[in-house]
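In: I need the structure of the sequence given here:
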Amino acid sequence: MSNHPQLTKLVESKQFSYFIIIVILLNAILVGVELTNMTPLVYCLQKIFLVIFIIEIFFRWFGRKTTKSYVSDWWNWFDIIIVLISLLPQGNPDHVGIYTSFRVLRIFRVLRLFKVFPNMGRMALVLAKSLSALTQAIFLLMVFMYLYALIGVILFRGKISIFTLSGAKIDPFGNIGEALFSLFRVTTGEDWTDLRYDLMEIGINHSWINFYFVSWMVLSAFLLLNIIIGAIVNNYENEFNKEKTTEMEDKINRILSQLEELKSK
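Out: This next block holds a predicted model:
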């Protein structure tokens with residue numbers, strides 16, 4: 001058990017967590033402010049926040065229930081590493097050295113929001129667990145995108161040109177790379193109809209043009225992207241149900257242990 005029960009009660013309280021989160025958010029705002037206007041006030045507040053973070057680490061250490069529980073919680077290591085990075089020398093602002101580069105990592109302290117707000121952490125965990133399904137869905141999307149790019153180069157290469165801001169001409173279907181980018185433009189819905197209208201003006205069969213662009217929009221934006229979203233939602237539901245099951249099992253175990261204690265008495 002903890003040798004400092006009052007500190008344990010303090011660091012486990014919601015008020016303490018909310019206070020630290022407010023400090024973290026203010027610190028993140030000041031990190032952005034100091035990049036454009038580093039004033040003595042901003043510098044002083046940064047130092048005050050750093051002292052608060054150091055005190056928090058000591059409070060959590062002396063208020064720990066057990067050393068094992070403290071060491072096994074990777075959030076504690078995360079806090080220690082970020083504070084050590086914040087203690088690195090500022091360096092010359094006009095020269096980005098290794099120490100200055102490391103100090104940029106202190107902005108990742110905002111990730112502590114995941115610990116205070118479990119739903120945010122759960123969503124991050126779901127995204128991590130969805131990587132396998134997302135990779136397969138994205139690979140399937142890229143296969144179809146490559147096939148459509150080949151068809152676009154065969155049908156539309158040399159037919160139209162796009163003028164850049166510098167006045168250069170670019171054929172949106174001049175090669176595989178440009179065709180892939182044009183298809184990505186269609187998927188995002190960014191003025192993709194301009195490509196269709198430009199092709200229609202030069203006399204290409206309208207049926208081929210309509211089928212090409214509409215079928216790609218339906219396939220990419222409506223079907224494949226929904227598969228990706230569905231994989232994330234499915235994993236979120238599985239994670240939520242797993243957590244509910246774990247909570248229910250814990251409640252049942254507590255009730256059983258209480259019944260055993262009553263029987264023993």
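In: so where do the helices sit in the protein?
Out: Remark: helices assigned in the chain by DSSP state H are 5-11, 14-36, 40-62, 67-72, 74-86, 98-103, 113-116, 118-129, 131-156, 176-188, 192-201, 206-217, 225-264.
In: now for the first one, which elements pack on it?
Out: Using 3 or more CB pairs under 8 Å, 6 or more residues apart in numbering; DSSP states H and E as the contact criterion, the neighbours of helix 5-11 among helices and strands are helix 40-62. From N, CA and C alone the C-beta is placed, and that goes for glycine too.
In: who touches the helix it packs on?
Out: Helix 40-62 has contacts (CB atoms under 8 Å, 6 or more residues apart in numbering) with 3-4, 7, 10-11, 20, 23, 26-27, 30, 33-34, 70, 76, 79-80, 82-83, 86-87, 109.
In: just the buried ones from those residues, in ChimeraX syntax?
Out: Buried residues within the contacts of helix 40-62, by 16 or more other CB atoms under 10 Å, are selected in ChimeraX with:
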select :7,11,20,23,27,30,34,76,79,82,83,86,109
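In: doesn't Leu134 make contact with Ala231?
Out: Yes - when contacts are counted by CB atoms under 8 Å, Ala231 is listed as touching Leu134 (6.2 Å).
In: more neighbours, those two?
Out: Applying other CB atoms under 10 Å to Ala231 and Leu134 shows that Ala231 carries more neighbours, namely 19 against 16.
In: once you drop chain neighbours, what's closest to that one?
Out: If the residues on either side of it in the chain are set aside, Ala231 comes closest to Ala133, at 3.9 Å by CB to CB, 6 or more residues apart in numbering.
In: thought the one you found was touching Asn235?
Out: Yes - the pair Ala133 / Asn235 is scored as a contact, 7.2 Å apart, by CB under 8 Å.
In: what's the average pLDDT for stretch 208-220?
Out: For stretch 208-220, the mean per-residue pLDDT is 87.
In: now that stretch, how far from the chain's geometric center?
Out: Between the centre of stretch 208-220 and the centre of its chain there are 31 Å (CA atoms, centre = their mean, to the nearest Å).
In: buried sites along it?
Out: For stretch 208-220, by 16+ other CB under 10 Å, it's Ile209, Tyr212, Phe213, Trp216, Leu219, Ser220.
In: tell me, how many residues neighbour Leu111?
Out: Number of residues near Leu111 (other CB under 10 Å) recorded here: 15.
In: pLDDT score for the closest residue to it other than its chain neighbours?
Out: Using CB to CB, 6+ apart and skipping the chain neighbours, the partner closest in space to Leu111 is Phe78 (7.5 Å). Phe78 carries a pLDDT value of 81.
In: hmm, back to that, if you compare the helices of the chain, which one is most tucked away?
Out: helix 176-188 (a mean of 17; mean count of other CB atoms under 10 Å).
In: what does it rub up against?
Out: Outside of helix 176-188, the residues within contact range by CB under 8 Å, 6+ apart are 145-146, 148-150, 152-153, 170-173, 191-192, 195, 213, 216-217, 220-221, 225.
In: quick one: end-to-end distance for stretch 65-77.
Out: 16 Å (CA to CA, to the nearest Å).
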